Structure formats: structure tokens, C-alpha cells
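*Asks:* based on what follows, work out the 3D shape:
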Amino acid sequence: MIVTVDLGKGQSEDQVAGLGSITKACSAPPFQSPVLVQTVYSAALTQAGWKVVHAAHGADALVIAHYAAGTRNIWASLHGGGADYRASRSPRQRQWSDAR
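*Replies:* The predicted model follows:
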């Protein structure tokens, strides 16, 4: 899984978050707007200790979050629009130095 990390001062860098990813797909209940999905998932992830590094909505919703506690270093991407939603996460607990 490749994630774009904000380095500050207007700079970013693509980094490897894992050797692969685990993806789950589901159908949303009817009338789930991208605004609602992005808002609810961003709030829930933040409350659970994740840092939401990017969240956007338009025709679909996108939330990218990072969890780093203890030895854990997990990235997650939630994307969806209309009736279909997909969640991916890096499967390993890796340090950035291991990924380079």
C-alpha cells in the first residue's frame, strides 16, 4: 500500500506502508451521502485514536487515516460513492525504516 505523507512546508512524499493491503468491499444502505460517510468515518477514526490525514467528499467519499501507537504503524483508506464502499489497510506493523 502506497500512501502520500505530508512532510510540511508544502512538500509530500510517497512511502510504502506495507507489502500489500487487505481490502473489504460492501454495499451501503440506500441514501448514504458521501458527506455523511466522510464525516462519520473521520469522527469515528479520530475518536478511536487514529489521525485522519486526508478527508474529502464530492461525488464520492475518501478518508485516509494513520494509527501509530506502541509498535503499531497502520494506514487505512476508505473510499466510496453511491452504493459501493471499499476499505483498505496495510496488513503489517512496520516501521518506515523497514519500508525503504
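*Asks:* residues making contact with stretch 58-68?
*Replies:* For stretch 58-68, contacts defined as Cβ atoms under 8 Å, 6 or more residues apart in numbering pick out 3, 34-35, 37-38, 41-42, 45, 48-56, 73-82, 85. C-betas here are computed from N, CA, C, even on glycine.
*Asks:* now with 6 Å?
*Replies:* Contacting residues not belonging to stretch 58-68 are listed as 34, 37-38, 41-42, 45, 50-56, 74-81 [Cβ atoms under 6 Å, 6 or more residues apart in numbering].
*Asks:* buried subset of those?
*Replies:* Among the contacts of stretch 58-68, those buried by neighbour count (16 or more other Cβ atoms under 10 Å) are 34, 37-38, 41-42, 45, 50, 52, 55, 74-81.
*Asks:* return the subset of the residues you listed lying in strands.
*Replies:* Using DSSP state E, the subset of the buried ones among the contacts of stretch 58-68 located in strands is 52, 55, 74, 75, 76, 77, 78, 79, 80, 81.
*Asks:* closest to residue 12 among those residues?
*Replies:* Nearest to residue 12 among these: residue 75, at 14.3 Å, using Cβ to Cβ.
*Asks:* surely that closest one touches residue 88?
*Replies:* No. Between residue 75 and residue 88 there is no contact under Cβ atoms under 6 Å: 8.6 Å.
*Asks:* quick one: low-confidence ranges for this protein?
*Replies:* The model of the chain has pLDDT under 70 over residues 1-3, 5, 7, 16-20, 28, 30-31, 82-83, 91-100.
*Asks:* for it, what spans make up the helices?
*Replies:* Remark: helices assigned in the chain by DSSP state H are 34-47, 96-99.
*Asks:* just the CA atoms of the longest one, as CSV, please.
*Replies:* Once side chains and other backbone atoms are set aside, the C-alpha atoms of helix 34-47 remain, and they are given as CSV (Å, rounded to 0.1, in the frame of the first residue of the first chain):
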residue,chain,number,x,y,z
PRO,A,34,-20.6,10.9,0.6
VAL,A,35,-20.7,13.9,3.0
LEU,A,36,-22.3,11.7,5.7
VAL,A,37,-19.9,8.8,5.2
GLN,A,38,-16.8,11.1,5.2
THR,A,39,-18.0,12.9,8.3
VAL,A,40,-19.0,9.9,10.3
TYR,A,41,-15.8,7.8,9.5
SER,A,42,-13.5,10.8,10.1
ALA,A,43,-15.1,11.4,13.5
ALA,A,44,-15.1,7.7,14.5
LEU,A,45,-11.4,7.1,13.5
THR,A,46,-10.3,10.2,15.3
GLN,A,47,-12.2,9.2,18.5
